[in-house]
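Participant: Here is a sequence with its predicted model. Questions after.
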Amino acid sequence: MTQRALNSSGGQTPGRPRPVPIDAGSELDPVHPMRLPAPAVSTGGLTAAEVSERIARGEVNDVPVRSSRSIGEIVRANVFTRFNLIIGVLWLIMLFVAPFQDSLFGYVIIANTGIGIIQEWRAKKTLDGLAVIGEAKPTVRRDGVAAEISTSEIVLGDLVELGPGDKVVVDGAVAEADNLEIDESLLTGEADPVLKQPGDPVMSGSFVVAGGGAFSATKVGREAYAAQLAEEASRFTLVQSELRSGISTILKYVTWMMVPTAIGLIISQLVVKNTNLKDSVARTVGGIVPMIPEGLVLLTSVAFAIGVVRLGRKQCLVQELPAIEGLARVDVVCLDKTGTLTEGGMDVTEVRPLGGADDPYVRQVLANLGASDPRPNASLQAIIDAYPSPNGEAWRCTEALPFSSARKYSGAAFDEGSGKASSWLLGAPDVLLPDHDPSLGEIERLNEQGLRVLLLARAQGELEGPQSAAGAEPTALVVLEQRLRPDAGDTLRYFADQRVATKVISGDNAVSVGAVAGKLGLPGAEHTLDARRLPADPDDMASAMEEHTVFGRVTPQQKREMVAALQSRGHTVAMTGDGVNDVLALKDADIGVSMGSGSEATRAVAQIVLLNNSFATLPSVVAEGRRVIGNITRVATLFLTKTVYSVLLAILVVCSQVEYPFLPRHLTLLSTLTIGVPAFFLALAPNKERARPHFVRRVMRYSVPSGVIAGIATFVTYLIARHYYTGPGSLDAETSAATLTLFLVSMWVLAIIARPYTWWRIVLVAAMGGAFLIVLIVPWLQEFFALKLVGSVMPWTAVAIAVAAATALEFTWRLVSRRFPV
């Protein structure tokens, strides 16, 4: 059996420290509180019988993995809202005091709420299905056999294997350690990885950055350290979104305006005016209901939910909904070359011996280096594929140094037999060689061709010492060719066209990375910088980040600092990556994007996971975000215009001491035709407008003047009609004239918002106008909605006032657009 086979079956690597067994139920040692005592447990893990016993006792990792809200939460969020309560009370009143048509607004709210629940339920199903696909599956050893299982199937005492990039999914104690380095920064804030020894505790939420080993689960389920944090972080959420917070701000303003105005209207209609009680109640409710932008929150939720479903069809898991919006606002995308611009695999194209080294011996060294690492990275895997371990001739590995992104090399020490021993390092040439080594010139020329070059060097001292690379003797150059992603070039061009700056941040040589980026057509790929020369001062680092495009030899901590430097200059930063060295930067970026094939740790902290591992999916996410932002801005302007003119009309009615001009049925009809139906189509339409900040300001700049113009024009028509019509039925005629003006002005607002016109937008606006015309000419609809234009003078006066208002609207919108250009 080869060394690799031994490792995969739970056997011990020669030279690896023997495991110290850990008892799952043991407590911290009071003398050494950071190290656990180690009673015996089988290195083969639990037996099937022991697993069954623990399941029967409930000692299972039963923390629910939830990427979405429950059905109950979705129903509560859509039904039990402040405005639904107000409308519900008003609806119940109208059911008792007015005809059926004056309570139509209540049925519209029920329909809207139902649509919202159904769409969010569809989004939930999509998210939950994708979450199962992207779920981390830890490797657990049972009955001496290692197998991947679901996180929820881990039981107390399970022996969980660890390797680079693996996330610690439950609390435990180290049982086996082979240079095991764990990053606990997401839990403790400590930046440096911690070297773990057998007996040391490990906490759920930390992850492996180098080495390997296994730990015994000591706490599972909700008792695990990070269980509550992980459960909360994985929930479907609508927080930290400018769109959502902006709408909340708008609703707060609306509430402040609505309450005093509604009180004044109630007093005016029910106390001051001596008219029929039921009619007064109906007109009071007719004045209050349109003040509420009841569909705005609904359409925002629906737009987000449909975005999730659309992206889900493209194998894109959105773990936090604001990420759709956030990526559309991004102006800098930081890419990790490996796995993003290039595919994961590589090919060895050449091995160049140095200093007269024997070629067959070099190949033998490379073959044994590959056999010494049970979890090879992409570079070492390419070497393994080119130089497989010779059967029966493998050297005995006496010491191993796993690859680390911080030090940029790995190594191993061997007993070659016949009393001969050697130690080797394999890694970045510009890290292992002194600055003026003659080999660097040759390496630079290879890097300029986009090739990746590793140096094989004979170590002179201990592998684990801080000076392990000091005095290393160069033996050979290993030249690797990276496989470019066929769709990466198109994606980079898309971001360039959208004026989104792209920064390539890699641990590889800067010149090599720049050459790869240049092949893909990245603008500014020639502007490369070795991260070891980056200034430490955050402001100077930010300047360097803005001036250069490609960065090489970047450490994980530097990636984090680079993201922070860009954010300090006001940039919205997205970070993509798939390796464990990307975790900290992904966590700190405004939007973290992970590949589905990436490490468990990167998938856990990213807001967006590309399950198809295709960088080309990102433009779809950006487009979806822009659709949501641009369309909700349009829709919000429609809803807020209605709120403004409703509040203004109520104020004018109170001050003039006249009857409110509308019954609820009139405003239900107007709201449906000029806002409700058009808003639904506009909210879901394609929209490629660049996302812009200050959502509330932009909405208010247009909706306030539009609402004021509509309110004044409607009230002027109403007052003229009051003087024109006299006798029985005059109030119905006055209402009809005012309704005509308000409809025409609202239609003009819709026509402005629907620009730029496409065939379907023209059809939409025309259909809404046609629907209103049908109501005016069909007798039974006239009676149902109490709309009948009397004579010709007043209706044409209403049209003329609406035309004047439409002219004022055009002038105002153009003035605002010039005053506040995009």
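Facilitator: That came through fine.

Participant: And the pLDDT at residue 27?
Facilitator: Residue 27 carries a pLDDT value of 39.

Participant: same deal with residue 407?
Facilitator: Reported pLDDT for residue 407: 78.

Participant: Equivalent analysis for residue 579, please.
Facilitator: Looking at residue 579, its pLDDT is 69.

Participant: Kindly report the same for the one 4 residues further on.
Facilitator: pLDDT, the model's per-residue confidence, is 78 for residue 583.

Participant: do the same with the one 10 residues further on
Facilitator: With respect to pLDDT, residue 593 scores 88.

Participant: Check for me that it belongs to a strand.
Facilitator: Yes - with DSSP: H, G, I helix; E, B strand; the rest coil as the criterion, residue 593 is part of a strand.

Participant: That one: what's it in contact with?
Facilitator: Neighbouring residues of residue 593 by CB atoms under 8 Å, 6 or more residues apart in numbering: 327, 574-577, 586, 606-610, 618. All C-beta spots, glycine's among them, are computed from the backbone N, C-alpha and C.

Participant: Looking at those, which are in strands?
Facilitator: If you go by DSSP state E, the contacts of residue 593 have 574-577, 608-610 in strands.

Participant: okay if I get the residues you listed as JSON lines plus distance to residue 414 and neighbour count?
Facilitator: Shown next, in JSON lines, are the ones in strands among the contacts of residue 593 (distance: CB to CB, whole Å; neighbours: other CB atoms under 10 Å):
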{"residue": "574", "distance to residue 414": "44", "neighbour count": "29"}
{"residue": "575", "distance to residue 414": "39", "neighbour count": "30"}
{"residue": "576", "distance to residue 414": "38", "neighbour count": "28"}
{"residue": "577", "distance to residue 414": "33", "neighbour count": "28"}
{"residue": "608", "distance to residue 414": "44", "neighbour count": "23"}
{"residue": "609", "distance to residue 414": "40", "neighbour count": "25"}
{"residue": "610", "distance to residue 414": "40", "neighbour count": "28"}
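
Participant: Residue 340: which of those residues is nearest?
Facilitator: Nearest to residue 340 out of the ones in strands among the contacts of residue 593 is residue 576 (CB to CB; 5.3 Å).

Participant: For the closest one, give its distance to residue 181.
Facilitator: 24 Å (CB to CB, to the nearest Å).

Participant: Distance of the residue of the chain most remote from its centre relative to residue 519?
Facilitator: Centroid-distance maximum for the chain: residue 727 at 63.3 Å, with CA atoms, centre = their mean. Residue 727 sits 84 Å away from residue 519, going by CB to CB.

Participant: same check, this time on residue 578
Facilitator: The gap separating residue 578 from residue 519 is 20 Å, by CB to CB.

Participant: Tell me which of those two has more neighbours.
Facilitator: residue 578 (25 against 16; other CB atoms under 10 Å).

Participant: didn't the more buried one look like it was pressed against residue 601?
Facilitator: No - Residue 578 lies out of contact with residue 601 (CB atoms under 8 Å); the separation is 10.4 Å.

Participant: anything in contact with each of the two?
Facilitator: Common neighbours of residue 578 and residue 601 (CB under 8 Å, 6+ apart) do not exist.

Participant: Please list the residues outside stretch 541-549 that contact it.
Facilitator: Contacts for stretch 541-549 (CB under 8 Å, 6+ apart): 502-504, 514, 517, 522-525, 527-529, 534-535, 561-562, 565-566, 568-569.

Participant: now do 7 Å
Facilitator: With CB atoms under 7 Å, 6 or more residues apart in numbering as the test, stretch 541-549 has contacts from 502-504, 522, 524-525, 527-529, 534-535, 561-562, 565-566, 568-569.

Participant: which ones among the residues you listed are found in strands?
Facilitator: Using DSSP E, 502-504, 528-529 are the members of those that sit in strands.

Participant: For residue 481, state which of those residues is nearest.
Facilitator: Among the ones in strands among the contacts of stretch 541-549, and counting by CB to CB, the member closest to residue 481 is residue 504, at 18.0 Å.

Participant: need the contact list for that closest one.
Facilitator: Taking CB under 7 Å, 6+ apart as the criterion, residue 504 is in contact with 335, 337, 341, 513, 517, 522, 549-551.

Participant: Most neighbours of all those, which one?
Facilitator: Neighbour max across those (other CB under 10 Å) = residue 513, 30 neighbours.

Participant: just checking, it touches residue 505?
Facilitator: No - taking contacts as CB atoms under 7 Å, residue 513 lies outside contact range of residue 505: 8.8 Å.

Participant: Can you check what angle separates the helix or strand hosting residue 655 from strand 573-577?
Facilitator: In the assignment (DSSP states H and E), residue 655 maps to helix 618-656. Per axes from the mean of the first three to the mean of the last three CA atoms, to 10 degrees, the angle that helix 618-656 makes with strand 573-577 is 150 degrees.

Participant: Run through who's touching the helix or strand containing residue 584.
Facilitator: When elements are assigned from DSSP H and E, residue 584 belongs to helix 583-588. With contacts defined as CB under 7 Å, 6+ apart, helix 583-588 is touched by 185-186, 207, 556, 559-560, 563-564, 575, 577, 592, 594, 601-602, 605-606.
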